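>>> I'll drop the sequence and a predicted model, then ask my questions.
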Amino acid sequence: MGKQHQRRSPPRHGGGGGVVMAASAPPRQEDARHAGLGDVAPRELGAATKLAQTQSIPIPGVLDVAASRAGAVEHATSVESADSMLNAKLCMQAADDAAQINPARGLAESVASLVLDDLPVEDDEGSVEYKWSLVNPSPERLVELVTQMQFRLMEGNGECIYELGVEDNGRKRGLPELDLQASLDTLRTMAAQLSSEVMVLSDMRGHEGRVATVMVRRTPASLEERVDLRVAVAGNVDSGKSTLVGVLTGTGTLDNGRGLARAAVFSHRHELESGRTSAVSTQIMGFSAAGGVVNYTNSGSVRALNWSDVVEHSSKIVTFYDLAGHERYLKTTMFGLTACVPDYCMLVIAANNGVLRMTKEHLCIALALKVPVFVVITKLDICPENIREQTLTHIQKILKSPGARKIPVLVRSKEDLSMCAQNIVNDRIVPIFAISNVTGEGLDDLRLFMNLLHPRRNWAEVKSNACEFSIDDIFAPVGVGTVVAGTVVSGCMTVNDDVWLGPDSAGHFTKVHVKSIHYKRCAVKRLVAGQSGSLALKKIKRSSIRKGMYLLESATKPGAVREFSAEVLILVHATSIRENYQPIIHVETVRQAAQVVGIDKDVLRTGDRANIHFRFMYQPEYIKVGSRFIFREGRTKGLGIIKEILQTV
Ligand SMILES: Nc1nc2c(ncn2[C@@H]2O[C@H](COP(=O)(O)OP(=O)(O)OP(=O)(O)O)[C@@H](O)[C@H]2O)c(=O)[nH]1
């Protein structure tokens, strides 16, 4: 086998930390080879360099990634990410003002497309394995290969990629057609021994023959082994968010352009009547181990599959959080982006309407929270070619602007798609899909992309910690009593656990008993870190629970925070920010006004950075050092990181 696999790798999905300060992670040893390249993975750099070399157009933030990172590394902490966020905001504005959209410029010219050439040297850790040939291995060799596959599957939480026809140094040497088929057969034999399935993602020419990228996915033995992916769906009103979620998660039937598909996604009657999303609605899409969409098994039927059926037959579940696009519901959308702990943000843009204010607003929030973004341009069927190109050019300009420093990639082939899915976690590549919910154009690529995406976090790392469950909704179904919905952010929650609920308005916690647990509407015995679900609680009134509370496992009574200090960056200011200013703070599920009690500058304006002492206005909250938050008041917006807890209750 030639590889030592005893050592557990550092978290594979280390790109963005969401609410955690990812930038503070120590640089990995192998990254040192790339002279201070920060969090840019070698694999991505390979792609980025190829991309830049093949483009005649300058790609700000791609070629200079290495150079700027090298200089910035010593200063690469939370401040760096905050800075780039501000730049992103300013550059979005600048790109907007300066955008010289030239409809005559062809797509092929204006779009960065990955050219898949040789790969970077194989990494001994992680979930990607290169194998030049697997033709007819001896029984002893087969045992070794199966052990190695088991390791790669473990590294990828149940999924891994095999690059067949590729040498360990990354050279796509290629195999004769017959040898490739024989290697694929060996791969299937190996996978079968690990209860896994094989999916060929791409098959193309190498230097001397054919190379194939293959995904291997384990059939989960229990609910906890399922790959769980969360996607927040953002974008301007009427961009087609609910419709797209309805088409992806329904029975496989398309939209009629007049709101047919979105009806399944709406949660309120007034939404059905107005056609406007006002609350975060959740839908799931399941993939089998072989990569088929489980939701479409009763394709053609009017009735969508029950969630329990989808869950039962899926190896991977994508949960979509459909957010509201109207400015009036921005508060709810921000709550969705912070509280749902999304792995990715799907930014939906209607080709005919283009990039609007709310599109930029949502993009800005996702970038601030370090949630990787992919863009879906909808309504191709009703949009003239030149307008479609304008929209594409506009979003690309915004993404490529020096502040955002993203690499927009219009997905045009399966190869682009699998490269994007493997690199998006590094928080630099932004794949762009162009689709129609009415004709179905582009939807297969989008589905395949969802199938390939990995969860961004390594929840296994916090599975053995004390349990923390953040509450984002409360219900009182008849005959069940009080039910809280939310996410296990660390540890496990088990039926019959006695846990602390709080903080209440006085900052106190009370013991509650967990009667039953539902995961994706199915009764389960426990929820583990990274899973969202609902818990029925015993003898507690709905009125005594609010969103933002936590359920905590602790031997001693937990404390709540009244005052804290934070390092902040002002993204936009409408009024001067000085003492006594009272913005709304969004940190995970907590949403409350906080007063600026102290500040290390007289007054703050756009672009200023400062240390601020905040005090929650109404009640103490459960928050932690290192959490990333957004604060806003009217048009004023800022980004912060909690540095110190100053007063607890
Ligand atoms: N022709 C065409 N119409 C579409 C497409 N996608 C969505 N629509 C229509 O566009 C309208 C708005 O779609 P929605 O899904 O409600 O948009 P939304 O972004 O969810 O809007 P909010 O929920 O208010 O934020 C509906 O009438 C859809 O039928 C598409 O690809 N082509």
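Nice, I can see it.

>>> Which residues are in contact with the residue of the chain positioned farthest from its centre?
The C-alpha centroid of the chain is most remote from Ser138, which lies 41.5 Å away (C-alpha atoms, centre = their mean). Taking C-beta atoms under 8 Å, 6 or more residues apart in numbering, we find Ser138 in contact with no residue. Yep, even glycine has a C-beta here, placed from its N, CA and C like the rest.

>>> got the phi/psi numbers for it?
The phi and psi values for Ser138, taken as degrees, to the nearest 10, are phi -70, psi 160.

>>> Need the per-residue pLDDT for it.
Confidence at Ser138, expressed as pLDDT, is 95.

>>> got it, and His268?
Looking at His268, its pLDDT is 53.

>>> okay, now Gly170: neighbour count?
Close neighbours of Gly170, defined as other C-beta atoms under 10 Å, add up to 17.

>>> does it count as helix, strand or coil?
Secondary structure for Gly170, judged by DSSP: H, G, I helix; E, B strand; the rest coil, is coil.

>>> So it is in contact with Asp123, correct?
No. Look at Gly170 against Asp123 with C-beta atoms under 8 Å: they stay out of range, at 10.1 Å.

>>> Around the ligand, which positions in the chain sit nearby?
By the rule C-beta under 6 Å from any ligand atom, the part of the chain lying against the ligand is 235, 237-243, 255, 257-259, 262, 275-277, 324-326, 378-379, 381-382, 436-438.

>>> Inside helices: which ones of those?
Among these, the residues falling in helices (DSSP state H) are 241-243.

>>> Give me the number of neighbouring residues for the residue in the stretch 451-600 of the chain that the ligand sits nearest to.
Here the stretch 451-600 of the chain gets closest to the ligand at one residue, Asp473, 18.7 Å apart by C-beta to the nearest ligand atom. Other residues lying near Asp473 total 16 when counted by other C-beta under 10 Å.

>>> Check Ala263 too.
Residues within reach of Ala263, counting by other C-beta under 10 Å, total 14.

>>> do the same with Phe564
Using other C-beta under 10 Å, Phe564 has 27 neighbouring residues.

>>> Pull the contacting residues for it.
Residues in contact with Phe564, defined by C-beta under 8 Å, 6+ apart, are 613-614, 623, 642-647.

>>> Val590 now?
Contacts for Val590 were tallied using C-beta under 8 Å, 6+ apart; they are 548, 621-623.

>>> What's opposite it in the beta bridge?
Beta-bridge pairing for Val590 (DSSP bridges): Val587.

>>> ok, it to Gly250 distance?
According to C-beta to C-beta, to the nearest Å, Val590 and Gly250 sit 34 Å apart.

>>> before we move on, what about Val375?
Going from Val375 to Gly250 by C-beta to C-beta gives 22 Å.

>>> These two: who's more crowded?
Comparing Val375 with Gly250 by other C-beta under 10 Å, the one with more neighbours is Val375, at 28 against 25.

>>> Just give the nearest non-adjacent residue to the more buried one, would you?
Distances taken as C-beta to C-beta, 6 or more residues apart in numbering put Ile432 closest to Val375, at 4.5 Å, once the chain neighbours are dropped.

>>> Quick check: the one you found vs Pro455, distance?
According to C-beta to C-beta, Ile432 and Pro455 sit 22 Å apart.

>>> So those two - more neighbours on which side?
More neighbours surround Ile432 than the other of Ile432 and Pro455, with 24 against 21 (other C-beta under 10 Å).

>>> OK, contacts around that one?
Taking C-beta under 8 Å, 6+ apart, we find Ile432 in contact with 374-377, 392, 395-396, 408-411.

>>> How about Asn236?
Contacts of Asn236 (C-beta under 8 Å, 6+ apart): 325, 348-350, 353, 356-359, 362.

>>> got any ranges where this protein has weak pLDDT?
By pLDDT under 70, the low-scoring segments of the chain are 1-116, 264-279, 298-304, 325, 403, 427.

>>> how does this structure divide into domains?
128-218, 223-405+425-457, 460-552, 561-648 (automatic domain parsing).

>>> Nearest to Leu119, out of the ones you listed?
The minimum distance between Leu119 and the domains of the chain falls on domain 128-218, with 3.8 Å, by C-beta to C-beta.

>>> how far out from the middle of the chain is the closest one?
27 Å (C-alpha atoms, centre = their mean, to the nearest Å).

>>> before we move on, what about stretch 242-257?
21 Å.

>>> Extract the C-alpha trace of it and format it as CSV.
Extracted as CSV, the C-alpha positions of stretch 242-257 are listed here (Å, rounded to 0.1, in the frame of the first residue of the first chain):
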residue,chain,number,x,y,z
SER,A,242,-39.0,28.4,-3.6
THR,A,243,-39.7,27.1,-7.1
LEU,A,244,-36.2,25.7,-7.5
VAL,A,245,-36.4,24.0,-4.0
GLY,A,246,-39.9,22.7,-5.0
VAL,A,247,-38.6,21.3,-8.3
LEU,A,248,-35.5,19.7,-6.7
THR,A,249,-37.3,18.2,-3.7
GLY,A,250,-40.7,17.4,-5.3
THR,A,251,-41.6,14.4,-7.5
GLY,A,252,-39.3,15.5,-10.3
THR,A,253,-42.0,17.5,-12.1
LEU,A,254,-41.1,20.9,-13.5
ASP,A,255,-42.6,24.3,-12.8
ASN,A,256,-45.1,26.0,-15.1
GLY,A,257,-43.7,29.5,-14.7
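
>>> Leu178 - how many residues pack around it?
Neighbour number of Leu178 under other C-beta under 10 Å is 11.

>>> Can you give me the distance of it to Ser133?
In this structure, Leu178 and Ser133 are 11 Å apart, going by C-beta to C-beta.

>>> How about Leu571?
Leu571 sits 53 Å away from Ser133, going by C-beta to C-beta.

>>> do the same with Glu122
Separation of Glu122 from Ser133 (C-beta to C-beta): 15 Å.

>>> residues in contact with Thr487?
By C-beta under 8 Å, 6+ apart, the contact set of Thr487 is 339-341, 469-470, 472, 530-532.

>>> Just want to know which of Leu571 and Ser133 has more residues nearby.
Ranked by neighbour count (other C-beta under 10 Å), Leu571 and Ser133 place Leu571 first, with 23 against 18.

>>> hang on, the more buried one in a strand?
Yes. Secondary structure of Leu571 (three-state DSSP): part of a strand.

>>> That one reaches Arg632, doesn't it?
No. Here Leu571 lies out of contact with Arg632, judged by C-beta under 8 Å, at a distance of 9.1 Å.
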